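Visitor: sequence and computational prediction follow.
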Amino acid sequence: MARIGGPFLTPPSGRLPDPGRRAVPGASQRSNIPAFQVMRITDEIARRRAAGHDVVSLCAGEPSARPAPGTITAAGYTGPLGTTPLREAIARHYRTWYDTEVDPGHIAVTTGSSGAFQLAFLAAFDPGDRVALASPGYPAYRNILTALGVQVIEIATGIDTRYQPTPELLDRAVEAHGPLAGLIIASPANPTGTMLGRAELTALVEWCRAHGTRFVSDEIYHGITFPNPGDADPRGVTVAQLDPEAIVINSFSKYWGMTGWRLGWAVLPESLVAPFEALASNFALSPPAPAQELALTAFTDDTYAERDAIVAGFARARALILDAVPQLGWGEAAPADGAFYYYSELGPMLDRYGSATAYAKALLEGADVAVVPGVDFDPIAGDQAVRLSYAAGESAVAEALERIIRFQTR
């Protein structure tokens, strides 16, 4: 233990410090991670709108239809893993949607799904562990893990695997890098919108079980899916059905549109409940009480019907983009199975502008349409692609497409 006072005040050189000079501490090594470019673009959109520009944003993954807060009375701390009524309601949700039983005691309510990822990674992985994830993929996985000293193994994916990892790709990763402590899967995925069916997820679960690899399933876009008639799992397959040792993470931000309320949850294996609770009680004390009160209204028949109608609107917006693909004239695109994203290489537009970043900048300045270059999602090849979010709804997407096509034909 360090002591204060006495000889410890004298520097090793024996010289007293100059009171007129102060050493300025630098930033930590763990903070040397990229900022999330989507949020910077959001700031630029706000500046342009404040200057009088009519900007159509296909940028952020934020549903435009949000729940009304009603009368919120909750205040003060709750338990570190959330209120018992909300954890029980989430457990009933798994029974309603997936016909699967989840112990409410294994559910942890968190400050957004971001809080769930931070606490889950801290509970499950140590510095130096290797954790695999798909590229392109959500950048916060990579950046949170990097800040925690975890080695990120990016699995390059493409149209041949529908932008998702496979057991064969994981075998190659182990051959190249060594054993994997964890695998993060998102289905539907950000930025590609691609989904894994039950057979594909089961194969990955079995691979992880055979290799002692922790499975982390990001299911925050469940419910925002565009199934074919007769699909057995129209809202997606929860890994909670397949692997009791997996960590399953979800959120109230996407299907329920509660982005600003910052509330998510994790379904945990029994071995991680106590470590997760210890971390949560120190890092956040408790998730926000008002948001938990509002979230209790999420699991009613009326709310499900209301949100499903909004998802139907996303489907119409998606159809507009898919119908416009020939006119856009871009390159190879991911199959948009779910979420509200269309991820595409730029093709001829890349030849004209040199990079997706330059294209997105020119489009914003020349047509007041905001799209996201793929550099956030894929540090290697992402500057050849853009992501369009159709969370803003059908009319915004229709207007944006008209502007994009007009801009490209100038």
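Guide: The structure has been received and is ready for your questions. Numbers count the residues shown, from 1 in each chain.
Visitor: ramachandran coordinates for I107?
Guide: Torsion angles at I107 (phi, psi; degrees, to the nearest 10) stand at phi -100, psi 130.
Visitor: if I look at it, how far off is L272?
Guide: I107 sits 12 Å away from L272, going by CB to CB, to the nearest Å. Where you see a C-beta, it was placed from the backbone N, CA and C, and this is true even at glycine.
Visitor: neighbour count: these two, which is higher?
Guide: Each of I107 and L272 has its neighbours counted (other CB atoms under 10 Å); I107 has more, 25 against 20.
Visitor: so the more buried one makes contact with R92?
Guide: No. Judged on CB atoms under 8 Å, I107 makes no contact with R92 at a distance of 10.9 Å.
Visitor: where do the strands of the stretch 101-250 of the chain begin and end?
Guide: 107-110, 130-135, 151-156, 182-186, 214-218, 247-251 (DSSP state E, counting those that start in this stretch).
Visitor: could I get those as JSON lines with distance to V237 and mean pLDDT?
Guide: Shown next, in JSON lines, are the strands of the stretch 101-250 of the chain (distance: least, CB to CB, whole Å; pLDDT from 0 to 100):
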{"stretch": "strand 107-110", "distance to V237": "19", "mean pLDDT": "98"}
{"stretch": "strand 130-135", "distance to V237": "17", "mean pLDDT": "98"}
{"stretch": "strand 151-156", "distance to V237": "20", "mean pLDDT": "98"}
{"stretch": "strand 182-186", "distance to V237": "11", "mean pLDDT": "98"}
{"stretch": "strand 214-218", "distance to V237": "9", "mean pLDDT": "98"}
{"stretch": "strand 247-251", "distance to V237": "11", "mean pLDDT": "98"}
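Visitor: the ones you listed: which one's closest to A75?
Guide: strand 107-110 (16.3 Å; CB to CB).
Visitor: other SSEs contacting the closest one?
Guide: The contact analysis (3 or more CB pairs under 8 Å, 6 or more residues apart in numbering; DSSP states H and E) places strand 107-110 against helix 84-98, helix 112-124, strand 264-267, helix 270-283.
Visitor: list the contacts of F215.
Guide: Neighbouring residues of F215 by CB atoms under 8 Å, 6 or more residues apart in numbering: G182, L183, I185, L204, V205, C208, V239, D243, E245, A246, I247.
Visitor: wait, I41
Guide: C59, A360, L364, A370, V372.
Visitor: again, but for A91
Guide: Applying CB under 8 Å, 6+ apart, the residues near A91 are E101, V102, D103, P104, I107.
Visitor: confidence score at the residue lying closest to P127 once chain neighbours are set aside?
Guide: Closest residue to P127 apart from its sequence neighbours, by CB to CB, 6 or more residues apart in numbering: G149 at 3.2 Å. pLDDT, G149: 97.
Visitor: which residues in this structure form helices?
Guide: Secondary structure of the chain by DSSP state H: the helices cover 37-50, 84-98, 112-124, 139-147, 167-177, 198-211, 270-283, 289-295, 301-328, 348-353, 356-367, 394-408.
Visitor: any idea which of these is most buried?
Guide: Across those, averaging neighbours per residue (mean count of other CB atoms under 10 Å) puts helix 112-124 on top, at a mean of 23.
Visitor: who does it touch, helix- and strand-wise?
Guide: Applying 3+ CB pairs under 8 Å, 6+ apart, one finds that helix 112-124 contacts strand 107-110, helix 139-147, strand 214-218, strand 247-251, strand 264-267, helix 270-283.
Visitor: mind doing that once more with 10 Å?
Guide: Using 3 or more CB pairs under 10 Å, 6 or more residues apart in numbering; DSSP states H and E, the elements in contact with helix 112-124 are strand 107-110, helix 139-147, strand 182-186, strand 214-218, strand 247-251, strand 264-267, helix 270-283.
Visitor: so that helix versus strand 214-218, what angle?
Guide: 180 degrees (axes from the mean of the first three to the mean of the last three CA atoms, to 10 degrees).
Visitor: quick check: mean pLDDT of helix 112-124?
Guide: Mean pLDDT, computed over helix 112-124, is 98.
Visitor: send the alpha carbons of that helix over as CSV?
Guide: Output of helix 112-124 as CSV, limited to C-alpha atoms (Å, rounded to 0.1, in the frame of the first residue of the first chain):
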residue,chain,number,x,y,z
GLY,A,112,-28.9,0.0,-22.5
SER,A,113,-27.5,-3.0,-24.3
SER,A,114,-24.2,-1.1,-24.3
GLY,A,115,-24.1,-1.5,-20.6
ALA,A,116,-24.9,-5.2,-21.0
PHE,A,117,-22.0,-5.7,-23.4
GLN,A,118,-19.6,-3.9,-21.1
LEU,A,119,-20.6,-5.9,-18.0
ALA,A,120,-20.8,-9.2,-19.9
PHE,A,121,-17.3,-8.8,-21.4
LEU,A,122,-15.9,-7.9,-18.0
ALA,A,123,-17.6,-10.9,-16.4
ALA,A,124,-16.7,-13.4,-19.0
